[in-house]
Structures are given as structure tokens and as C-alpha cells.
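Chemist: sequence first, then the predicted structure:
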Amino acid sequence: MNKLGLIAGGGSLPVEIAQHCERSGRPLFVIRLKGFAGTDLSPYAGAEVGLAEIGKCMKALKRAGCRSICLAGNVARPDFTSLVPDLRGLMLLPKVVAGARKGDDALLRVLVGEFEREGFQVEGAHDVMEDLTLAAGPLGAHRPSEDDLADARRALHVARAIGALDVGQAAVVSHGLVLAVEAQEGTDALLKRVAELPAHLKGRAGAGQGVLAKAPKPIQETRVDLPAIGLATVQGVARAGLAGIVGEAGRLLVLDREATIALADELGVFILGVEPDAP
């Protein structure tokens with residue numbers, strides 16, 4: 001197994017990948033992004049790198065003997081005027097800013113292309129850990145009703161539509177009514193907004209109505225930014241009075257899988273995987 005350079009942001013995904021490499025015996029070097037990577041990654045060999053220190057990052061990866069990289073974890077879009085780039089980062093900055101103006105996917109493609117030009121193979125989190133993604137069918141004890149399935153289909157349609165515009169990856173539908181779509185605020189904030197809507201538009205905890213759908217953008221660089229769900233998502237869905245979650249099989253990451261399934265079962269939330277080409 002070639003050595004993996006894990007470029008780590010926040011959240012549990014980078015930790016899961018690091019632990020997987022440790023268990024499987026894959027050599028690992030962790031680039032901890034300043035201000036984003038958590039302390040759980042401190043025990044692993046690696047380096048701390050600023051968001052715009054592209055040259056420092058690449059040199060560290062090459063010195064460590066990494067041939068493949070995986071970009072994983074949460075990184076908020078920065079204020080580009082506040083970045084402190086190194087020389088390589090400074091040279092790349094105009095492309096990054098131009099990409100950012102076109103949307104998140106364009107920005108990510110600029111970064112991925114830069115690493116590929118340096119000879120690194122870019123692996124998605126789901127390539128490193130094949131059991132990370134949602135499979136087709138229900139995950140856990142709960143099953144959607146016919147009404148839930150109708151909401152799931154519409155929510156997926158809406159999520160794909162906003163994804164085509166590079167707006168977001170998620171949408172909530174209840175009784176056929178679009179309650180919310182995701183933009184830069186993220187899924188957790190989206191669900192908080194839904195929780196504040198009038199009760200007659202959705203269900204309540206323990207008697208949910210409505211579905212959260214998450215889908216990758218059609219133009220998306222899936223090696224870097226597949227949508228994900230985890231414990232916070234399940235908690236947010238339950239608090240918002242929704243019945244469940246739907247995503248595309250093989251194209252939605254399930255973080256903290258065992259704990260997420262257990263919590264969904266406890267809270268009465270269904271998790272459903274559908275084929276990507278399902279209408």
C-alpha cells in the first residue's frame with residue numbers, strides 16, 4: 001500500500017480515515033490544516049499547515065514519501081484577504097479566487113488539479129474506506145412510508161437541481177412542500193431553520209413528517225466533497241420533526257456508522273439509499 005497523505009480539516013471524517021489506515025496497516029502522514037483539524041489527529045505523524053501554504057504542504061508530503069493524497073474534513077470558505085500564503089500559494093491565489101467566484105466545485109477543482117500536476121494521486125474518502133458510503137435500501141431499523149417515499153423523491157429532485165447550480169447539496173420536503181434548501185450555511189444550520197418553522201408544516205419529534213435529501217452536485221469533484229451524514233445530522237432531523245434521510249447509494253458518506261445507525265433507530269429516523277439514477 002502506498003503512503004497516504006491525509007489533508008485534514010475538521011469533523012470526524014479525517015479521524016475515521018486515520019484510524020482506518022492504522023488498522024489496515026497503510027502508511028499515513030497527516031497534514032493538519034490550522035484552525036480546522038482537531039486534536040484527535042495530533043498523535044499521527046504529520047505537519048501543521050496554513051490554508052494558503054500550498055508549497056509547504058507539498059514539500060511536507062513529498063519528504064514523507066506520500067504518493068497519494070486524500071482531502072477530507074470541514075473547511076469553511078476563507079476570507080481570501082486574510083490568508084497568509086507562501087510563495088506557491090501566492091502564485092496559485094489568482095486561480096483560487098477566480099474558481100471561488102464560480103462556486104465551491106470550481107474552487108476544489110483548482111486545488112485538486114494543482115496536486116495532480118505535482119504527481120500526486122487524489123483519492124476520495126470512499127476510495128480509502130470502501131465501507132464509508134450508503135448502500136441501496138434502508139440503513140437501520142426504520143422504513144419510510146409511501147408518503148415518505150414521495151417526499152424523498154421530490155427532495156432528491158430539488159437537491160440535484162440546486163446542485164446543478166453549485167448552490168448546495170441538501171433539501172427538505174414535507175407533504176410535497178419544499179421547506180428549505182442548503183447554501184453556504186451547511187446541513188446543520190439548514191435543519192435548525194426547519195426546526196423553527198410552524199409545526200403544521202412538518203411533524204414533531206417521535207412522529208416525524210418530511211425528508212432531508214443529500215446529493216452530490218452533478219458537476220462535483222466527488223473525490224473531495226461527497227455529501228455526508230452523521231450523528232449531528234440524525235439529531236438535527238429528529239429535532240426538526242422530520243421522518244428521515246435519503247441519499248444516493250455509493251454517493252453519500254455515513255460517518256460514525258454504527259453510532260449513527262443506533263441513534264437513528266433510537267430516535268425513529270429512517271435512512272434510505274436509492275440508486276443514483278432513480279427519478
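Modeler: On my side now, so go ahead.
Chemist: wait, what's in contact with F36?
Modeler: When contacts are counted by C-beta atoms under 8 Å, 6 or more residues apart in numbering, F36 touches A8, G9, G10, L51, G73, N74, V75, A76. C-beta: built from backbone N, CA, C; applies to glycine.
Chemist: going by distance to D147, which of those residues wins?
Modeler: Comparing the contacts of F36 against D147 with C-beta to C-beta places N74 closest, at 33.1 Å.
Chemist: quick check: that closest one touching A8?
Modeler: No. Using C-beta atoms under 8 Å, N74 makes no contact with A8, being 9.9 Å away.
Chemist: between those two, which one's more packed in?
Modeler: For N74 and A8, the more surrounded residue by other C-beta atoms under 10 Å is A8, and the numbers stand at 29 against 17.
Chemist: surely that one meets L41?
Modeler: Yes. Between A8 and L41 there is a contact at 5.6 Å, judged by C-beta under 8 Å.
Chemist: any idea which helix or strand comes after the one helix or strand R154 maps to?
Modeler: Per DSSP states H and E, R154 falls inside helix 146-164. For helix 146-164, the succeeding helix or strand toward the C-terminus, using DSSP H and E, is strand 170-174.
Chemist: now that following strand: mean pLDDT?
Modeler: In this model, strand 170-174 has an average pLDDT of 97.
Chemist: measure the spatially most distant residue from the centre of the chain to L191 for me?
Modeler: What lies farthest from the middle of the chain is H200; by C-alpha atoms, centre = their mean that is 30.6 Å. Going from H200 to L191 by C-beta to C-beta, to the nearest Å gives 18 Å.
Chemist: ok, E114 next?
Modeler: 34 Å.
Chemist: for the two, indicate the residue with more neighbours.
Modeler: Here E114 and L191 are compared on neighbour count by other C-beta under 10 Å; more neighbours surround L191, at 23 against 18.
Chemist: pLDDT weak spots in the stretch 101-250 of the chain?
Modeler: Within the stretch 101-250 of the chain, the stretches with pLDDT under 70 are 103, 205-206.
Chemist: so where do the strands sit in it?
Modeler: Ranges of strands in the stretch 101-250 of the chain, per DSSP state E, counting those that start in this stretch, are 121-122, 137-138, 170-174, 177-181, 211-214, 228-229, 244-248.
Chemist: mean neighbour count, those strands: which tops it?
Modeler: For the strands of the stretch 101-250 of the chain, average neighbour numbers computed from mean count of other C-beta atoms under 10 Å are highest in strand 211-214, which has a mean of 30.
Chemist: so which elements touch that strand?
Modeler: Contacts defined by 3 or more C-beta pairs under 8 Å, 6 or more residues apart in numbering; DSSP states H and E place strand 211-214 against helix 146-164, strand 170-174, helix 187-195, strand 244-248.
Chemist: the first one packs against which elements?
Modeler: When contacts are defined as 3+ C-beta pairs under 8 Å, 6+ apart, helix 146-164 packs onto strand 170-174, strand 177-181, strand 211-214, strand 244-248, strand 270-274.
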